[in-house]
Structure formats: structure tokens, C-alpha cells
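Novice: Okay, here's the prediction I keep looking at, along with the sequence it came from:
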Amino acid sequence: MKLQQVLSRVRKAVDDYGMIEEGDRIAVGISGGKDSLTLLYALAHLRIFYPNHFEIHAITVDLGFGNFHLNKIQELCEKLNVPYTIVSTEIADIVFEKRKETNPCSLCAKMRKGALNEKIKELGCNKVAYGHHKADMVETLMMSMIFESRIHCFSPVTYLDRMDLTVIRPLMYMNEEDIIGFQNKMELPVAKSPCPMDGNTKREYAKQLIRKLDQDHPGTRDHMFQAIVNADLKGWPPKNPPRKREKKKEK
């Protein structure tokens, strides 16, 4: 996939849900994976011509596993003229060694998000962009139905009341296959997660289940995504909002 195509889909998401306003300072959460690096690359180029002027700042929360090399990502940020901050933590030691959690993903995610949000506010950013794409949204819907007995999916734009911080998801219209193609084409420097739980989660289970459904009934994933967009889910902002809209609160 070409950069122009990526920018077209990212801009559509940004415009459809009013994700970027004049003067925004947007933190880009960089996990080291293909999704967040594609998001970084896209926003770095979108800011050149988007009518609402905005700044971006890349941030990675290092969980402390070791063997997590970020030098290439640092070089990419310098090439894109994007400031980059690495937040060093001992989350891995706390979760796996001290607490010995049977369900480590939940605590890890909570601590990682806390460390990220704290640094975001320290840097003076008012928004944070996550690299969630179309498949992530469908998987979230599937997990909520199977494990939580509810119909739920995270919103394209979410206002975090306690943090006075807005979360945006500009890759929501991107297929994972297209992101993989773009990452390969641009040779984005993916830093593989050293977490022992990587690829062994409920989300991976949902991913494989949806993949099988899509193989048996082509188009299933796209139909599920369209159902999410059309469902008027609680907490979702309206499409094509006015220039200045009321922020949605997340409880």
C-alpha cells in the first residue's frame, strides 16, 4: 500500500469523527509494532497539509523485559522530525516476578497506560493516538460478546475525564493486511515485543476465530466492522461533527 492510500484512509477517519482540532498536541503511543509505526508515519505526513495545524510527540513505555531495542525507532523519529520519549519502567518485574499474576495482561495494560498518560500530561499533550485498526475493533466486539456478555467496541474518539485527555484512533479504516504491506514497503523498524504472553491472549483467540469465519464466509470481518460503525454504540461520537463538538466522557 502506498503512502497516499494510507493518508487517504487516515484523513477520512480524522474528518469523519473530528479527531484533530487546531492547535492539538498529539502523543503517539509507540509499542514498537507495525500498527503504531504506520500511525506515526501517517500522522507525521498528515501534519504537513492538514488544515488544522497540530504537533505530534512519539512515546514508548519500556516495560523492562530487556532485549527491546528502540534505536531504529529513534532514528525513524529523527528522520520524520518527531520528538521521541522512552519511558523506562519496571512493570515486567512487578507483574511477572513480584506479583506473579495469573492474568498478567490486565495489570500490565493498566500500569502501562498509567505510565503513558502520566508522561503525556507532563509533555503538555492534550490527545493521544493509538494504532488500533479495523481488525482490532472487530476483535474487541467479539471478545466483549464472548467473555463479557455485552455488545461493545472502543470509540474512535474517547475523552478521559480524569486525565483531561482525548484518545483518537486514526487507523480505524485500515485493514491489517494493508498495514503489513505498508510496513514492508517502507521498511518500518518493528521492535518485536519480548513479552512471554505475546500471541497467547484472548485477543489472539478472537483474531483466529474471526479469520476462520472470514475464510468460510468471505466478507464477514468487513460486515462486522460495518455493523459496529452503524450500531450507534454508547459513547461513540456522531459522524461528521461540527468544528467544535462536545467531548464524550469515558466512565
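Specialist: That came through fine. The structure presented is a predicted model; accordingly, all values stated were derived computationally and were not measured.

Novice: Give me the number of neighbouring residues for the residue nearest to Ser193 when sequence neighbours are not counted.
Specialist: Beyond its immediate neighbours in the sequence, the residue positioned closest to Ser193 (CB to CB, 6 or more residues apart in numbering) is Gly32, lying 6.6 Å away. (Each C-beta comes from the backbone N, C-alpha and C, glycine too.) The burial count assigned to Gly32 is 19, neighbours taken as other CB atoms under 10 Å.

Novice: could you list every residue that touches Gly32?
Specialist: Gly32 makes contact with Thr60, Phe68, Leu70, Ile73, Val190, Ala191, Lys192, Ser193 under the criterion CB atoms under 8 Å, 6 or more residues apart in numbering.

Novice: which residues touch the fifth one?
Specialist: In other words, Val190. Under the contact definition (CB under 8 Å, 6+ apart), the residues listed for Val190 are Gly32, Gly33, Lys34, Leu37, Gln183.

Novice: buried residues in the longest helix seen in the chain?
Specialist: For the chain, the helix reaching the highest residue count under DSSP state H is reported as helix 104-122. Of the residues in helix 104-122, those with enough neighbours to count as buried (16 or more other CB atoms under 10 Å) are Pro104, Cys105, Cys108, Met111, Arg112, Lys113, Ala115, Leu116, Asn117, Lys119, Ile120.

Novice: and of these, the nearest to Thr220?
Specialist: Taking CB to CB as the measure, Thr220 lies nearest Cys105 of the buried residues of helix 104-122, at 26.0 Å.

Novice: what about this protein, any weak spots by pLDDT?
Specialist: In the prediction, the chain carries residues with pLDDT under 70 at positions 100-102, 197-200, 242-251.

Novice: At which residues are the strands of it located?
Specialist: 24-29, 54-62, 84-88, 127-129, 157-160, 165-168 (DSSP state E).
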